[in-house]
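Novice: Below is the structure, and that's it, no one-letter string:
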């Protein structure tokens, strides 16, 4: 047996790179969690390898303090090692993504069950005691004293059992019968079943084409083969809806993992997956690390969504990580990314399951309009029983300014203006969270002529309510998105108002009108993905309308009615848009025809970030920059961007440059495939 355990301490410091050798304790295997002495303190570490000998003399090796009860599957240890290299991060930071919440233990409760050795026949019992016996097994609860008396008579056995802290929306509801598949759905399922392990498939289906039912059938086939599955969704707000669909079909074998759960709930769901008690995991991007043995399938719903990219270190893309897990990957979308359209084998669902046509889309030119709502839009909202309105700006007004001296209210920590939130009576920075009260006069010149500019979802909600419409708002400022969606679904009439989350995967058959306001806003971003995002936003919102027998229509307000992305979205023509977008990207050498890597340096000290970015740029011939960025959370920032045809060589070069350069008081982050 190998005597040495190679352990990666779970520290965040880039300068401390393991693994480090320790004497192997009994029971330690690859993936085991240990508490080990590290410097002057004890830290948690993960066993990443075993060895017969060490470069350090064995009598100088330290033993582990103890072996922790949980472990990481060896294949996830290997995945973390790949992520550390791929995203220019550290092994320890990648391993930290694979673990259950720290400091959390199993919850136990006292259960009562019949004692098989004790027979109740011929024993004198009260009616209440007979009721208790008939209700077993059960939690002891308030009847503990009565159950103790039955225990003393040998009729009941009391014991502590692990008690699952189940997420509220993971409760199993009534089972629905499986609908019959259309011919296109059946063909898609056959293609998925015939795919080899590791193959990547793009399920390109129009909105309402029944992609979710194909996912359900494919997961069911996995379970029948004794395999497990992961289903990724882009937003936590969507998790309850899709969890309920999977729980209704597969019952308690479905687990949920996402950051909005309590630590105890996440711990218990992770443990059920690790032990094999649950075989299907549903959740946003972090669910890609679910510890499932014999993983047969990963589904990536709404694969075009940028939320699959993690913003912390390591800045992984869950879509790419899914491909490294070695199972079939099915990425589904009505508006797939050009990267997926280019690289994956495509399965097409060209029609809605009910045979209805996609809703007609009318583009409304706003260049001559002063009001936020076009007259046709306002009239349509009054007439429609149920509508969804997308406005991709939160708050009441975009910013405030003084009409007398021109002062604009900005964030003291970030170089951005503050957004007015009238409901709470405050100005807020949407980057760092800074808040301050709404001013009644200008502090610079004393003028009371403070003007509001622009409109967000909060103001739109108020304006619609003022017109007699019942409005339901859904954006990042709403605490309980699931409650809003349930209330809108149950309402007889109403308007769901929100940011881009209202366009993501919702299925409300009674919505007959979809509205996109300021559809060209994303086109004004200095981003090569601006056209792609505009097309997806309009097409996805258009897909929320007309799913029921009443049909529907879509209105798109824009200052750029001739933009190709808007025209293609209005025709529901993804193929033409994607073909043109790929030609443009190939000519300009943008992904998928190159790899982009972004290095951002930041510091509170003036000039230090730009100085560090310049030093890194000098080590990367052909890189773009260094260029200053706007100040964020009180830190100056500067960036260097690498565009390369050889992905492996570019990642290695950036990793080496970052490792070679550092400045006290400055931080470096590396973003491979920035979104």
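Specialist: Thanks, I have it. Worth saying up front: this structure is predicted, and the values here are computed from it rather than measured.
Novice: residues touching residue 230, list them.
Specialist: If you count contacts by Cβ atoms under 8 Å, 6 or more residues apart in numbering, residue 230 has them with 280-282, 287-288, 290, 292, 295, 297-299, 322. Every C-beta, even on glycine, is put in place using the N, C-alpha and C of the backbone.
Novice: 6 Å - rerun?
Specialist: Under the criterion of Cβ atoms under 6 Å, 6 or more residues apart in numbering, the contact list for residue 230 reads 281, 287, 290, 298.
Novice: Could you double-check that the third one sits in contact with residue 274?
Specialist: No. The criterion here is Cβ atoms under 6 Å, and residue 290 misses it with residue 274 at 8.9 Å.
Novice: So for these two, which sits in the more crowded spot?
Specialist: residue 290 (28 against 18; other Cβ atoms under 10 Å).
Novice: Find the nearest non-adjacent residue to that one, please.
Specialist: Nearest non-adjacent residue to residue 290, counting by Cβ to Cβ, 6 or more residues apart in numbering: residue 281, 3.8 Å away.
Novice: now swap in residue 315 and tell me
Specialist: By the measure of Cβ to Cβ, 6+ apart, the closest residue to residue 315 outside its immediate chain neighbours is residue 671, 4.7 Å from it.
Novice: What about that neighbour, how many residues nearby?
Specialist: Counted by other Cβ under 10 Å, the residues lying close to residue 671 total 21.
Novice: how much space between the residue nearest the centre of the chain and residue 321?
Specialist: Compute the mean C-alpha point of the chain, and by Cα atoms, centre = their mean the closest residue is residue 284, 3.5 Å away. Distance of residue 284 to residue 321, computed by Cβ to Cβ, to the nearest Å: 13 Å.
Novice: Ok, residue 204 next?
Specialist: Residue 204 sits 22 Å away from residue 321, taking Cβ to Cβ as the criterion.
Novice: got it, and residue 560?
Specialist: Between residue 560 and residue 321 the distance, using Cβ to Cβ, works out to 36 Å.
Novice: how is the chain carved up into domains?
Specialist: 4-96, 169-349, 361-395+456-588, 595-672 (automatic domain parsing).
Novice: can you tell which of those domains is closest to residue 432?
Specialist: With respect to residue 432, and counting by Cβ to Cβ, the nearest of the domains of the chain is domain 595-672 at 4.5 Å.
Novice: What's the mean pLDDT across that closest one?
Specialist: Model confidence over domain 595-672, given as mean pLDDT, is 94.
Novice: Can you measure across it, start residue to end residue?
Specialist: 8 Å (Cα to Cα, to the nearest Å).
Novice: now stretch 6-19
Specialist: The stretch stretch 6-19 measures 6 Å between its terminal residues, going by Cα to Cα.
Novice: So which residues make contact with it?
Specialist: Stretch 6-19 has contacts (Cβ under 6 Å, 6+ apart) with 20-22, 36, 38, 43-49, 90-92, 95-96.
Novice: out of those residues, which are buried?
Specialist: Among these, those that count as buried by neighbour count (16 or more other Cβ atoms under 10 Å) are 20-22, 36, 38, 43-49, 90-92, 95-96.
Novice: Would you report which members of those residues are assigned to helices?
Specialist: Within those, residues falling in helices by DSSP state H are 91-92, 95-96.
Novice: Could you dump these into TSV and include pLDDT and distance to residue 482?
Specialist: Shown next, in TSV, are those (pLDDT from 0 to 100; distance: Cβ to Cβ, whole Å):
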residue	pLDDT	distance to residue 482
91	93	37
92	92	35
95	95	32
96	93	28
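Novice: Nothing else from me, thank you.
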